[in-house]
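Undergrad: return a 3D structure for these sequence lines:
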Amino acid sequence: MSKATVIDHPLVQHKLTIMRKKDTSTGGFRRLLREISTLLCYEVTRDLKLTTETIETPMVEMQAPTLEGKKLVFASILRAGNGLLEGMLDLVPSARVAHVGVYRDHDTLEAIEYFFKAPELLEDRLTIVVDPMLATGNSSIAAVDKLKERGAKNLRFLCLLAAPEGIENFAKAHPDVPIYTAAIDSHLNEQGYIIPGLGDAGDRIYGTK
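TA: Next comes the predicted model:
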């Protein structure tokens, strides 16, 4: 699907396969998520703008590349989004972190917001919104709505798995926000879970299944 970029690096795909297995332990799942999130972060930040600064190496003075603009924001959709943060912060330790709390009503599948905390000057920062799953898209749409209300203009959405239904819904609501994912799965079941998927990401991260 052209509305989403699939990050098909072999290491990403291999680690995702292990995460999908139902007998992968909580500790193993969490470790793999940290590893895969670092790889995903590498890809989603591939085209960041650079400028130069004057530095001195042990040998000479030179003009060296450095990131341009204000520090990035990683916006976690609670609670499962936090599972992606550690690996991403390993790669970009200076990034700011936002938290957006939304939960899905299991009857209506609608997203209900309960918490929001973000750095200042979102309008001047690239904000990467993270959640392991893009299923119906309702939670992700609501989170991006909240970030835009606070001023965010340059956003990207990063997830492990996406369903075609979620991509379609998200793209309609936020056509200006590109989607990055490790895989696009087949469909959603009647309960709104991704098939074949990997189960409930939050439960598997925190051992609450």
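Undergrad: make it CA atoms for all contacts and neighbour counts henceforth
TA: Fine.
Undergrad: now for Thr127: which residues touch it?
TA: By Cα atoms under 8 Å, 6 or more residues apart in numbering, the residues touching Thr127 are Leu72, Val73, Phe74, Ala75, Ala152, Asn154, Leu155, Arg156.
Undergrad: if I look at it, how far off is Ala183?
TA: Going from Thr127 to Ala183 by Cα to Cα, to the nearest Å gives 21 Å.
Undergrad: secondary structure element for Glu165, which one?
TA: helix 164-173 (DSSP states H and E).
Undergrad: neighbouring contacts of the next helix or strand after that helix?
TA: Once helix 164-173 ends, the next helix or strand along the chain (criterion: DSSP H and E) is strand 179-184. For strand 179-184, the surrounding residues in contact (Cα under 8 Å, 6+ apart) are 3-8, 12-13, 16, 40, 44, 156-164, 167.
Undergrad: one more time with 7 Å
TA: Strand 179-184 is contacted from outside by 3-8, 12, 44, 156-164, using Cα atoms under 7 Å, 6 or more residues apart in numbering.
Undergrad: in its sheet, what does it sit against?
TA: Using DSSP bridges, the strands paired with strand 179-184 are strand 4-6 (parallel), strand 154-162 (parallel).
Undergrad: right, and these - which one's nearest Met62?
TA: strand 154-162 (31.3 Å; Cα to Cα).
Undergrad: show me the contact partners of the helix holding Glu165.
TA: Counting by Cα under 7 Å, 6+ apart, Lys3, Leu134, Ala135, Thr136, Gly137, Ile141, Ile184, His187 sit against helix 164-173.
Undergrad: what mean pLDDT does stretch 42-61 get?
TA: What stretch 42-61 shows for mean pLDDT is 95.
Undergrad: would you mark the buried spots in it?
TA: For stretch 42-61, a neighbour-count test (16 or more other Cα atoms under 10 Å) marks Val44 as buried.
Undergrad: which outside residues touch that stretch?
TA: Met62, Gln63, Ala64, Pro65, Thr66, Leu67, Glu68, Tyr180.
Undergrad: what about the fifth one, neighbour count?
TA: This points to Thr66. By the criterion of other Cα atoms under 10 Å, Thr66 has 12 neighbours.
Undergrad: the bottom helix or strand of this protein by mean pLDDT?
TA: Across the helices and strands of the chain, mean confidence by mean pLDDT, DSSP states H and E is lowest for strand 111-117: a mean of 84.
Undergrad: helices and strands around that strand, which ones?
TA: strand 96-104, helix 138-149 (3 or more Cα pairs under 7 Å, 6 or more residues apart in numbering; DSSP states H and E).
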